[in-house]
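Q: structure for the following, please:
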Amino acid sequence: DEARQSSAFDSLRDPLGILRRRWRPMLFVMLACLAATPLALWLLPPVYVARASVLIATQKLSESFVRPTIQEDATERINALTSQVLSRQSLTEVIEQFDLYPELRAAEGMDDAVAALAGKVSIELDPGIRSPGERARIVLVFFSDQQATRAADVTNEIAHRLTLAGMRLRSEQARVTTEFLRRELESAEVALR
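A: Purely as a prediction, here's the structure:
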């Protein structure tokens, strides 16, 4: 057994010897692959990949009003927004809106359709563009499908949902900040009286 392994490793050390001894099968495999490539390209349906860009910025409250107790990071904000957009409920709404995977839903159920959509959607940070202090980042949304218009429509819908989630988060932060400032104003008025 060791002699066989030793001879196998010895033959790997002599690639020209392998080529001299096995050139016919190697040539046959190479020609077969070259002939199969155009056939595979002709038989396989095209896959279109759509991309959308979304700017996600953190809300900056002037430090003259309120001293920050924590530093909000754009990456943390993007992770929170991404988890909302890729939630089961959100992906189910997208599937129903665009009538995606009807055969899969009929045969396996909505869970498998959601998993299929989640596998084709990608949300990632644009590595090339950064703002000073990491206050804003560009997020890229990708979706692939066999129909170009459907790929674009689903990508735009997911980007729209990402934007709406960001706006909801900002408005909630603005509401909380306004309530805080109102309470502080009332406390200051009481103290002044």
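Q: how about the helices in the protein?
A: In the chain, the segments counted as helices under DSSP state H are 2-12, 15-21, 23-43, 74-85, 88-98, 102-107, 110-120, 148-192.
Q: helices or strands next to the fourth one in the packing?
A: Think helix 74-85. Using 3 or more Cβ pairs under 8 Å, 6 or more residues apart in numbering; DSSP states H and E, the elements in contact with helix 74-85 are strand 48-57, strand 121-130, strand 136-145, helix 148-192. For the C-beta atoms, the positions are set from N, CA and C on the backbone; glycine is no exception.
Q: now the angle from the longest one to helix 110-120?
A: Taking axes from the mean of the first three to the mean of the last three Cα atoms, to 10 degrees, one finds that helix 148-192 is oriented at 90 degrees with respect to helix 110-120.
Q: which one of the helices of the chain lies closest to Ala136?
A: Evaluated over the helices of the chain, closeness to Ala136 peaks at helix 74-85, with 6.1 Å, by Cβ to Cβ.
Q: what residues of the closest one count as buried?
A: Residues 74, 77-78, 81-82, 84-85 are the ones in helix 74-85 that count as buried (16 or more other Cβ atoms under 10 Å).
Q: quick one on the thing from earlier: right, and the helices and strands packed on helix 74-85 - which one's nearest Pro38?
A: Relative to Pro38, the nearest member of the helices and strands packed on helix 74-85 by Cβ to Cβ is strand 48-57, separated by 20.5 Å.
Q: got the angle for the closest one vs helix 148-192?
A: 10 degrees.
Q: strand partners (parallel or antiparallel) of strand 48-57?
A: The pairing partners recorded for strand 48-57 under DSSP bridges are strand 136-145 (antiparallel).
Q: buried residues, the partner strand. List them.
A: 136-143, 145.
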